[in-house]
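Okay, predicted coordinates and the sequence, questions at the end:
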Amino acid sequence: MNGTILVTGATGTLGRAVVERLSTAGVPIRALSRHAGPGRWVGDLRTGQGIDGAVRGVSTILHAATGPRGDVELTRTLIDAARRSGGDPHLVYISIVGIERIPLGYYRQKVAGERLVEQSGLPWTIQRATQFHDLLVRIFGALARSPIVPALSGTDFQPIDVREVAERLPDLGGPEIRPMAELARAWLSWTGKRRAVLPVRVPGTIGANLRAGAQLTPQHADGHRTFEEYLAERVRRLRNPAGRA
């Protein structure tokens, strides 16, 4: 990738990792955010404000911005601005493994976003990754508010460290494929919470395809940091947020 790279969603989980990685490598970037801050380009994909300026003159757009109800509209706004820019930026769209087989509303949005990118007339790359370690931690944290932690029965996950997603482009999965219940117990052990893990069977097409492994990419198990390694690092950061020795 040569020239300036625009990163949308630059303050999100993946966007922050990408910006850090590119900055360390000395790559010129525009870190798009709705809110002003050091090194940020202010723009809003929901309204289009500031987007024409953001895309002008960039060679690559890494689209990491997302929203549970408006992913398609965010992507359309970005593509329309890129077309108006007069340039031909390479559009990299961040997506999720297995979304065409798991009919969740958010996944349908991501599938539709992929189609927009493919039909945009711009050079494009679609990067699909498995679930981030961070996502599982947030899910387990929410579920652990009750005395039991539900875990999808017969369902494996292949969590990946977000920094490893930021470092490469083809489909990417974590180094281990493990049952959700096992991952939940690992999280409980690291956090010191005492909860029972309850297997829950999801009915219908969503549950069947999850149990069949639609969300997995065993042929791309190229990640390195395991879930336990991520948890250990997270605990260290929480205990020593300033990085003091």
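Received the coordinates, thanks.

how close does A166 get to A208?
Between A166 and A208 the distance is 32 Å, computed by Cβ to Cβ, to the nearest Å. Any C-beta I mention is one placed from the backbone N, CA and C, and that applies to glycine too.

how much space between the nearest residue to G87 once chain neighbours are set aside and R30?
Here the nearest residue to G87 in space, its sequence neighbours aside, is G57; by Cβ to Cβ, 6 or more residues apart in numbering that works out to 6.7 Å. Distance of G57 to R30, given as Cβ to Cβ: 9 Å.

and if you look at D44?
D44 is 14 Å from R30, by Cβ to Cβ.

ok, the two, which is more surrounded?
R30 (23 against 17; other Cβ atoms under 10 Å).

Assign that one to helix, strand or coil.
strand (DSSP: H, G, I helix; E, B strand; the rest coil).

hang on, the earlier thing: find residues that contact each of G57 and R30.
Residues touching both G57 and R30 by Cβ atoms under 8 Å, 6 or more residues apart in numbering: T4.

Give the burial count for L183, as a bare number.
L183 has 25 nearby residues by other Cβ under 10 Å.

again but with H35, I slipped
What H35 shows, counting by other Cβ under 10 Å, is a neighbour count of 8.

Can you list phi and psi of the nearest residue to E118 once chain neighbours are set aside for me?
Using Cβ to Cβ, 6+ apart and skipping the chain neighbours, the partner closest in space to E118 is W124 (6.6 Å). For W124, the backbone dihedrals (degrees, to the nearest 10) come out as phi -140, psi 160.

Next, the contact list for W124, please.
Contacts of W124 (Cβ under 8 Å, 6+ apart): 90-93, 117-118.

Pairing partners for it in the sheet, please.
L91 (DSSP bridges).

Please report the distance of it from L231.
For W124, the distance to L231 (Cβ to Cβ) stands at 35 Å.
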